[in-house]
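Novice: sequence first, predicted model second:
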Amino acid sequence: MGKDYYKTLGIPKGSNEEEIKKAYRRMALRFHPDKNKDANAEEKFKEIAEAYEVLSDPKKRVIYDQLGEEGLKTGGSSSSGAPGSSTYHYTFHGDPHATFASFFGGSNPFDMFFEQDMDMEEDDPFAHFGRQFGFPGGMNNGFPGEGRRRRGVQSERLGAGRKHQDPPVVHELKVSLEEIFHGCTKRMKITRRRLNPDGRSMRTEDKILNIVIKKGWKEGTKITFPKEGDETPENIPADIAFVLKDKGHAHFKRDGSNIIYNCKISLKEALCGCTVSIPTLDNRVISLPCHEIIRPGTVKRLRGEGLPFPKSPSQRGDLIVEFSVRFPDRIPPQSREIIRQHLPQS
């Protein structure tokens, strides 16, 4: 069945944009791991972020409503013609804190307590935060001059809105044909600068990015992790992107979803016939009989023995066998005479 994003946010399927935002605000605050110390809070926080990113995006939501989580992530086709459903592949970037920071305008959850439009509900864990410490009327009416403080925070937010985002940081990611054939997950460690909660000082931290490479992905495919670059008081973190690059292979070359194998045979085999052994990417060997004369440049095609199609991994391209003929360095005089007598002139 896949994940039920509506159930994750606690809303019905027909919810509008404002209801989705309100639900994310409520759930993200409730399960933020800085405040919720339950063992499953971090995982729940991540599920909430993924649900919000899908349902708040009209394109992703249409595909999800029609095809579910699996169709959204594998790019399955839709008989009803969902926009982009046959070509769109969604992968959650894996950082719920980036979603949280983007939604609330800052990575520090305490910043949000002085916003006027929080619209907290009774079941929010922070709804009674102010009253716990004896602030009459809760947070909004706690201290004299609180309105000025709120306006100052909002002014800072408006200023933050004018920050520029650095250009994407692009890395080349080399993958083998076997990894493309089977699909894999690569773990890449990055080191980046991040702002501390005071919004001025910075710290250096390491993070592991899990790069999911699906079967059949083509060279040049780009996997982007939004806002995972360095963060400073003056900038919005750059996106980090990885671009797939094929590694060289001992036996094969790649041509889209096809793979090419160069088969070298002797002149005798080319003229008299032979059976050649062709290796495959899944470690099998195919016997290929060749009864006719093989000329240099002859090509034979083994259907369905290539790489998976990226949009339909159950189907595969072809293994193309290109023949090259090894000519002898010398022929004895007596053999040369026999060949001259028996080979046709043209």
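Specialist: Cool, the structure landed. Numbering: from 1, shown residues only.

Novice: going by C-alpha atoms from here, please, whenever you check contacts or count neighbours.
Specialist: Noted.

Novice: what ranges does the stretch 201-346 of the chain have for its strands?
Specialist: 202-213, 222-225, 235-236, 240-246, 252-255, 258-266, 274-279, 285-290, 299-302, 308-309, 312-316, 319-326 (DSSP state E, counting those that start in this stretch).

Novice: return the most buried member of these.
Specialist: When those are scored by mean count of other CA atoms under 10 Å, the highest mean neighbour count falls to strand 308-309 (a mean of 22).

Novice: how far does that one sit from the chain's center?
Specialist: Between the centre of strand 308-309 and the centre of its host chain there is 17 Å, according to CA atoms, centre = their mean, to the nearest Å.

Novice: for that strand, name the packing helices and strands.
Specialist: strand 312-316 (3 or more CA pairs under 8 Å, 6 or more residues apart in numbering; DSSP states H and E).

Novice: remind me what the strand it packs on packs against, helices and strands.
Specialist: In terms of contacts (3+ CA pairs under 8 Å, 6+ apart), strand 312-316 is packed against strand 308-309.

Novice: direction included, what does the strand or helix carrying residue 186 pair against?
Specialist: Per DSSP states H and E, residue 186 falls inside strand 184-195. Strand 184-195 has the following sheet partners, assigned by DSSP bridges: strand 202-213 (antiparallel).

Novice: please enumerate residues in contact with the partner strand?
Specialist: Strand 202-213 has contacts (CA atoms under 8 Å, 6 or more residues apart in numbering) with 94, 180, 183-196, 223, 232.

Novice: can we see that at 6 Å?
Specialist: Applying CA atoms under 6 Å, 6 or more residues apart in numbering, the contact partners of strand 202-213 are 183-196.

Novice: neighbour-wise, which of those leads?
Specialist: Most neighbours among these, by other CA atoms under 10 Å: residue 194, with 21 neighbours.

Novice: stretch 259-275: end-to-end distance?
Specialist: Start-to-end span of stretch 259-275 (CA to CA, to the nearest Å) is 20 Å.

Novice: please report the number of neighbouring residues for residue 201.
Specialist: 11.

Novice: equivalent analysis for residue 221, please.
Specialist: As a measure of burial, residue 221 has 13 neighbours, counting by other CA under 10 Å.

Novice: which residues touch it?
Specialist: For residue 221, the contact set (CA under 6 Å, 6+ apart) comprises 243-244.

Novice: all further residue positions should be reported with the first residue as 59.
Specialist: All set: I'll call the first residue 59, so the last point we hit is now residue 279.

Novice: including distance to residue 101 and mean pLDDT, could the strands of the stretch 259-404 of the chain go into CSV?
Specialist: Shown next, in CSV, are the strands of the stretch 259-404 of the chain (distance: least, CA to CA, whole Å; pLDDT from 0 to 100):
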stretch, distance to residue 101, mean pLDDT
strand 260-271, 15, 91
strand 280-283, 19, 93
strand 293-294, 26, 88
strand 298-304, 23, 94
strand 310-313, 39, 94
strand 316-324, 40, 95
strand 332-337, 43, 94
strand 343-348, 44, 94
strand 357-360, 46, 95
strand 366-367, 32, 94
strand 370-374, 29, 92
strand 377-384, 43, 94
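
Novice: adding distance to residue 98 as columns, could you present these in JSON lines?
Specialist: Shown next, in JSON lines, are those (distance: least, CA to CA, whole Å):
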{"stretch": "strand 260-271", "distance to residue 98": "20"}
{"stretch": "strand 280-283", "distance to residue 98": "24"}
{"stretch": "strand 293-294", "distance to residue 98": "30"}
{"stretch": "strand 298-304", "distance to residue 98": "28"}
{"stretch": "strand 310-313", "distance to residue 98": "44"}
{"stretch": "strand 316-324", "distance to residue 98": "44"}
{"stretch": "strand 332-337", "distance to residue 98": "47"}
{"stretch": "strand 343-348", "distance to residue 98": "48"}
{"stretch": "strand 357-360", "distance to residue 98": "50"}
{"stretch": "strand 366-367", "distance to residue 98": "36"}
{"stretch": "strand 370-374", "distance to residue 98": "34"}
{"stretch": "strand 377-384", "distance to residue 98": "47"}
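
Novice: and residue 89, how far is that from residue 285?
Specialist: Distance, residue 89 to residue 285, using CA to CA: 22 Å.

Novice: perfect, I'm done here.
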